[in-house]
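Participant: Give me the fold of what follows.
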Amino acid sequence: MKPESKTWESVKAKYLHQVEKALSSVKHPRRKEVLEDVCSHLDRRFTELGPDQQTGENFQAIITEMGPASDYAELLEPDAVQPTRYGRRKYLFWFGLATVVIVAAILLPTVIPAKKAGYIVTFKPVAPFDPLTAKELLDAFKEKLPDDVRTHHYKTGVKDNALLGLIRVDTKAGIDAVVSMLKESEKLALVEAKLATVEELEKFYKVGRPSSLERTSGTASRTGNWPAGHSSIRGRVRRRARDSQIGHAKVCLSSEEFGSWVVEVEDDGGFNFAGIPSGVYTLRTTETFGYKDTYYNPEKTLAEQPTFELKYSELKWVDIEVEPIRHYRRISGRILDEDGKPIANSKRLRVSAWVQKPQGYWRGHYRRISSSWVNEDGSYLLKELDGRPVYVQVLYWDVPTKDDVYPPRFHPGTFSRNAAKLVTFGDEDIIENVDISMQRTGGLVLEGLVTDQKTGQPVSEALVSIFHFDMFFDLFYGYSDEQGRYKIEGLGEGKFIVHVDAVHKGFVKTRKRVTIEPEAKKTQLNLTLRRSVTISGRFVDYEGNPWQVGRSDGRAYIEGKPRGSTGRAIRYPNKYAPSHLSEASSVSSEEGEGDYPSTDMVFPTQSSFLLPAVMPGKTLFDFHPPSGKGERVLKILYQGRNILV
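Facilitator: You can find the predicted model right below:
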């Protein structure tokens, strides 16, 4: 098995286990059917990735697309469900082979809230606001959205030639806030806000993506008169000869009778036209940067604008293969120090070209499309750019151990993402002299105190890291001193997530959102840390002798707290932590605030495990032993009792 396939199988197994755990809390005959459906969809999404797309980032994007694992349990639940008995949920262990002895744990009672059905909000633009894309409509919705309101599963539709937005809201308080916001908005109007039934939720966001007959890709423009129909066209834009998807194009469907309809291609190259009438059409790509715009021509005719017939109630699957107009574009430049000289020996500085995703995710993520390490002479070269306008950024990309690193900078030399200059290609294949000036000090400042929540005493050696809540690859950091003070310079304005890690001192990791205003030179943010619990144990055989399990994957969750992750995580260890604890240090891009409800298992030896920085509460364990050995759990001993059920 290839390394990429092994990585995918690990990612898929973790997510399926989360779904299975979520479904186990619901007594419903369709649990197995839902789990099989999730597995089938994951396998299909993996096969759609080309060889050059099989990366950890794309794997995590698939998981993010699937949504939180708890959503699938909600689909099978009535509007309110009473918590299952603690004795039946507390010890849902998935351990391999050996008996596990839990040496130390503190379990405090928590209350599991009853789950509720979700709300669906439908909204539309108000003239003169006329969004051309799904993303423009979503940006207008997020513009005034309160930070504490959770929304997800954003979709678009078209009704009476107008673009509609639909989004899910979890709580009654959230729906009230959204309705109030839409009533006051000058750009948007409320169409409908309702508490969805189980059937409506299944239709709104069921396993994977909605079917081709229910969902149209984000509409960029539509002209003419399009009556409602019963046919659909679904397909993918691919690069000829490489079988890789093109996720930055538009597809135009034209008819002499109805007009033209343009949709945006999704990140995986897919597109879809739903609810269209039967007739004769042409189909072609447009705005495919770096590639020739191409007509769909399955019959290989010599016509300049080949046509095809779409029958009543037909679902037509098509592939449009495009080929590059020229070689990939490149950008080169130098990274300059405060004196305007190229930075020498600039190890661990990384330059990235990035774009804002044209559509899709409800938080409006940004995407890195090319990156390069800075050379010893301060130069860099970004390759394989497709011709789209891009922004260029440089940052220190390594574990956070040094104290004098440069903060992230955007071309031509600014701390502010909003002030970044767009690099636009003309006819040239390479744009040179795209230099970025670095600066260790200046910009906006975030500072404050890190203290013990219980005693109020300062906490030193805490790793405080920060990044834009919708970007993640502009990560920067600082450490608290002996008085608990920290200071991070070189920031721009915007909304950020701040993470605090003092696991090695016995505290739970936590995160907090902060808005840095452009007119505020310094922003104060004090951070409090909660004392944690450490759980340790060992693997033994029948006779109680140590059993070597080897490198595995495990995690502890607090019962009643969210267990799924909606973001991706990278290892980001605190430099003061011992090596065996640094393995559990990571920073996640998921939204939200507060203490981390889960912690990763580390293995000091091949026959022992440790769960550091666990939030006090009733604890669930998740464990994946090395695969392929056919091992199973016989007992789990805690205080001399077998708690495996």
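Participant: show me the contacts for the closest residue to residue 245 other than its chain neighbours.
Facilitator: Using C-beta to C-beta, 6 or more residues apart in numbering and skipping residues adjacent in sequence, the residue nearest residue 245 is residue 269, 2.8 Å away. Heads up, the C-betas are built off the backbone N, CA and C, glycines and all. Neighbouring residues of residue 269 by C-beta atoms under 8 Å, 6 or more residues apart in numbering: 236-238, 245-247.
Participant: Those residues in strands, which ones?
Facilitator: 236-238, 245 (DSSP state E).
Participant: tell me the phi and psi of the residue nearest to residue 245?
Facilitator: The phi and psi values for residue 269, taken as degrees, to the nearest 10, are phi 90, psi 0.
Participant: follow-up on the earlier one: would you turn the ones in strands among the contacts of residue 269 into CSV with distance to residue 473, neighbour count and pLDDT?
Facilitator: Below are the ones in strands among the contacts of residue 269 laid out as CSV (distance: C-beta to C-beta, whole Å; neighbours: other C-beta atoms under 10 Å; pLDDT from 0 to 100):
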residue, distance to residue 473, neighbour count, pLDDT
236, 27, 21, 87
237, 26, 26, 88
238, 27, 17, 84
245, 22, 21, 70
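Participant: Closest one of the residues you listed to residue 507?
Facilitator: residue 245 (43.8 Å; C-beta to C-beta).
Participant: Quickly list what that closest one is bridged to.
Facilitator: For residue 245, the beta-bridge partners are residue 238 (DSSP bridges).
Participant: doesn't residue 271 make contact with it?
Facilitator: No: if you go by C-beta atoms under 8 Å, residue 245 and residue 271 don't touch, sitting 10.7 Å apart.
Participant: who touches both of those two?
Facilitator: 236-237.
Participant: For residue 323, see how far away the residue lying closest to residue 303 once chain neighbours are set aside is.
Facilitator: With sequence-adjacent residues excluded and distances taken as C-beta to C-beta, 6+ apart, residue 303 is closest to residue 297, at 7.9 Å. Distance of residue 297 to residue 323, computed by C-beta to C-beta, to the nearest Å: 14 Å.
Participant: Residue 399 - that's part of a strand, no?
Facilitator: No: applying DSSP: H, G, I helix; E, B strand; the rest coil, one finds residue 399 to be coil, outside a strand.
Participant: and it, what pLDDT?
Facilitator: If you check residue 399, the pLDDT there is 78.
Participant: number of nearby residues for it?
Facilitator: Using other C-beta atoms under 10 Å, residue 399 is surrounded by 14 other residues.
Participant: Tell me how far it lies from residue 57.
Facilitator: Residue 399 is 19 Å from residue 57, by C-beta to C-beta.
Participant: now residue 349
Facilitator: 20 Å.
Participant: So those two - more neighbours on which side?
Facilitator: Using other C-beta under 10 Å as the criterion, residue 349 and residue 57 rank with residue 349 on top: 23 against 11.
Participant: centre of the chain versus stretch 255-264, how much separation?
Facilitator: Mean-position distance between stretch 255-264 and its chain equals 33 Å (C-alpha atoms, centre = their mean, to the nearest Å).
Participant: does residue 488 really touch residue 478, like I thought?
Facilitator: Yes: using C-beta under 8 Å, residue 488 is in contact with residue 478, at 4.3 Å.
Participant: Could you export the ones in strands among the contacts of residue 269 to CSV, including columns for distance to residue 635?
Facilitator: As requested, these are exported to CSV (distance: C-beta to C-beta, whole Å):
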residue, distance to residue 635
236, 50
237, 55
238, 53
245, 48
